[in-house]
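**Q** this one's structure only:
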């Protein structure tokens, strides 16, 4: 995907990049005390930086992981955004102040927060993978039954599946998730981690707002709306 | 990637739109751009004679692209007028189609303002679309039902006339006098499985056909957005209000209709919006009947509570124990045979372990678990399942 991004002529690559990483960037900014408004601005800033390809060419795979390169870019944007008084005033509810800690301690906390946000976004990507693979009815049943803890009877009624169908969907999804996220099989915490990651999902309003912004960006760049 | 030529009506806030000088069209003064898309702009307009406010879509005749959008728009509207015997209450009214040396234009109803008040010429006016409505979150259940029915009624009238819309999405659903109207007929075509693939990619079905079933798929996604408040890309995620939605009878009916409309296999979808609307109405009436029956039952029970209590006492004393069994195997996913009959649910799907099954026959002799090509045969003799709550089997690691 990075090669396609560097090529600069592939709108689908940009859309893929956006959909894969925006929740990560948003989640990290929120963890670092940004308001929803500022976190949205950070997503917008980072995406624009990558769209404009100013930073993409600075990424050298030989020098480290993509995760770390993106982490540096995002952390810098968060710090810059939080330094701008206009953004702090505009932000709904305001941004939490960063604790006046030593710079090194701040870096360590940011690194840890980035790792947590990255892991959660990976889990959400896993969920997205099985969402695209599974029959929609079965996926919905799985999410309601397994991740929202609703009873099999209620889920069966809502989805039109039988109760057995709900359990089958659950088993199929869990088995596929375990295959994809093999690292979590040992500690048996996959379900809990997924629930935690889902709780961190940005609200629907943010999703709409950022999708609209992406659409505008793509229209100005390629002359077509976001597909 | 297929064409993504769309015209969505939304507030124009870009400076380029504001810089445009208004085109000249007969009988109307165009004030400002209120929407724009790939091939044209929608202007707020005032009729010089009556002073009525309208929306006028203007498509330049000399377009830089290889295709002829103005010609296509005229063809679509002509087709629409020829096929529709009368205007439908849920399709946006087109009052007039005209042409100048530079553009083709047509005059439409002006949508309400996003605030819900009628369309006006005040500077802050923004057309009320389903898209703008969804930016505030999911629709309340009653509004969801009303809007879904209105959308399907408008689409059904097109399908009835042998046409397909090909660009059903929230931005193309306008509110006029509080009523949802399907708009943007620029891509309307006669229903034909080989009609070209145009529209908005995220509302297109995975099979790629653009017939009435594709409109059904798009309408399903739009209703999904109404229920959950999530964008179509998130389908079928349940969203933040999952717990409330599952307990709501209206949303339950809508959700089941959506799931069928958005089946990946087109043959399992509704044939067209008429069938989808009919199913929605049938399901709603079944749900209403069930609720009415339940109310009647409660009232009847209350009236005869003393007699019923006495009868119930006798019933519970003589009632046999409920027959249900937990079937467990290691590894999971074995199918179950009771007396050589495969155990299936009410839809004919085999139960697989681990599972709890009720309503079993009272007496059985033999249980067989099958997992891949292995099986475990349990000869229980005549066994009363009412006394058995768990039947299990385990395979060794080697088959």
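**A** Sure thing, it's come through. Note that this is a predicted model, so its numbers are computed, not measured.

**Q** element containing residue A:119, please.
**A** Assigned by DSSP states H and E, residue A:119 belongs to helix A:103-133.

**Q** relative to helix A:103-133, how tilted is the helix or strand hosting residue A:77?
**A** Element membership of residue A:77, judged by DSSP H and E, is helix A:66-83. Between the axes of helix A:66-83 and helix A:103-133, defined by axes from the mean of the first three to the mean of the last three Cα atoms, to 10 degrees, the angle is 120 degrees.

**Q** quick check: buried residues in helix A:66-83?
**A** Using 16 or more other Cβ atoms under 10 Å in any protein chain shown as the test for burial, helix A:66-83 gives A:69, A:70, A:71, A:73, A:74, A:75, A:77, A:78, A:81, A:82. Placement of C-beta: from N, CA and C, glycine included.

**Q** try stretch A:39-58
**A** Buried positions in stretch A:39-58, judged by neighbour count with 16+ other Cβ under 10 Å: A:39-47, A:49-51, A:56.

**Q** then stretch B:234-243?
**A** B:234, B:235, B:236, B:237, B:238, B:239, B:240, B:241, B:242.

**Q** and chain A, which of those residues reach it?
**A** Near chain A, taking Cβ under 8 Å from any Cβ of the partner chain as the test, the members of the buried residues of stretch B:234-243 found are B:234, B:235, B:236, B:237, B:238, B:239, B:240, B:242.

**Q** picking up where we left off before, let's have the buried residues of stretch A:39-58 in CSV, adding distance to residue B:176.
**A** As requested, the buried residues of stretch A:39-58 are arranged in CSV below (distance: Cβ to Cβ, whole Å):
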residue, distance to residue B:176
A:39, 37
A:40, 32
A:41, 36
A:42, 39
A:43, 35
A:44, 34
A:45, 39
A:46, 40
A:47, 36
A:49, 42
A:50, 41
A:51, 37
A:56, 46
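
**Q** for the helix or strand containing residue B:260, name the packing helices and strands.
**A** If you go by DSSP H and E, residue B:260 is part of helix B:249-261. Contacts defined by 3 or more Cβ pairs under 8 Å, 6 or more residues apart in numbering or on different chains; DSSP states H and E place helix B:249-261 against helix A:136-142, helix A:152-159, helix B:141-160, helix B:212-228, helix B:242-246, helix B:273-303.

**Q** for residue B:23, which of the ones you listed is the nearest?
**A** Ranking the helices and strands packed on helix B:249-261 by proximity to residue B:23 (Cβ to Cβ) places helix B:141-160 first, at 28.8 Å.

**Q** any idea of the mean pLDDT in the closest one?
**A** Averaging pLDDT along helix B:141-160 gives 96.

**Q** now for the helix or strand that it is followed by, which elements pack on it?
**A** Following helix B:141-160 in sequence order, the next helix or strand is strand B:163-164 (DSSP H and E). In this structure, strand B:163-164 makes packing contacts with helix B:69-83, strand B:189-190, helix B:212-228, judged by 3+ Cβ pairs under 8 Å, 6+ apart.

**Q** narrow the ones next to chain A among the buried residues of stretch B:234-243 to those in strands?
**A** Among those, the subset assigned to strands under DSSP state E is empty.

**Q** next, format the residues you listed as JSON lines and append pLDDT.
**A** As requested, those are exported to JSON lines (pLDDT from 0 to 100):
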{"residue": "B:234", "pLDDT": "91"}
{"residue": "B:235", "pLDDT": "96"}
{"residue": "B:236", "pLDDT": "97"}
{"residue": "B:237", "pLDDT": "94"}
{"residue": "B:238", "pLDDT": "93"}
{"residue": "B:239", "pLDDT": "85"}
{"residue": "B:240", "pLDDT": "83"}
{"residue": "B:242", "pLDDT": "91"}
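
**Q** restricted to helices, list the residues you listed.
**A** With DSSP state H as the criterion, helices contain residue B:242 from among these.

**Q** redo the ones next to chain A among the buried residues of stretch B:234-243 as TSV? Include distance to residue B:149.
**A** Output for these, formatted as TSV (distance: Cβ to Cβ, whole Å):
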residue	distance to residue B:149
B:234	23
B:235	20
B:236	21
B:237	24
B:238	22
B:239	21
B:240	25
B:242	23
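
**Q** I figured residue A:202 hits residue A:25, correct?
**A** No - with contact defined as Cβ atoms under 8 Å, residue A:202 does not count as touching residue A:25 (10.1 Å).

**Q** in terms of helices and strands, where is the closest residue to residue A:121 other than its chain neighbours?
**A** Once flanking residues are discounted, residue A:121 sits nearest to residue A:24: 3.6 Å by Cβ to Cβ, 6 or more residues apart in numbering or on different chains. Taking DSSP H and E as the criterion, residue A:24 maps to helix A:11-31.

**Q** swap in residue A:211?
**A** Per DSSP H and E, residue A:211 falls inside helix A:204-222.

**Q** and the buried residues of helix A:66-83, which is the shakiest by pLDDT?
**A** Looking at these, model confidence by pLDDT dips furthest at residue A:82: 74.

**Q** just give me the closest of the buried residues of stretch A:39-58 to chain B.
**A** Within the buried residues of stretch A:39-58, the smallest distance to chain B is 13.4 Å, found for residue A:40 (Cβ to the nearest Cβ).

**Q** quick check: residues of chain A near chain B?
**A** Residues of chain A lying close to chain B (Cβ under 8 Å from any Cβ) are A:11-12, A:19, A:131, A:135-137, A:139-140, A:143-144, A:148, A:150, A:154-155, A:157-165, A:167-168, A:171, A:203-205, A:207-209, A:211-212, A:224-227.

**Q** which of those count as buried?
**A** For these, buried by 16+ other Cβ under 10 Å: A:11, A:131, A:135-137, A:139-140, A:143-144, A:150, A:154-155, A:157-165, A:167-168, A:171, A:204, A:207-209, A:211, A:224-227.

**Q** quick one: low-confidence parts of chain A?
**A** A:1-12, A:53-64, A:84-108, A:182-188, A:217-227 (pLDDT under 70).

**Q** near chain A, which residues of the stretch 51-200 of chain B?
**A** B:134, B:135, B:136, B:137, B:138, B:200.

**Q** fine by me, thanks again.
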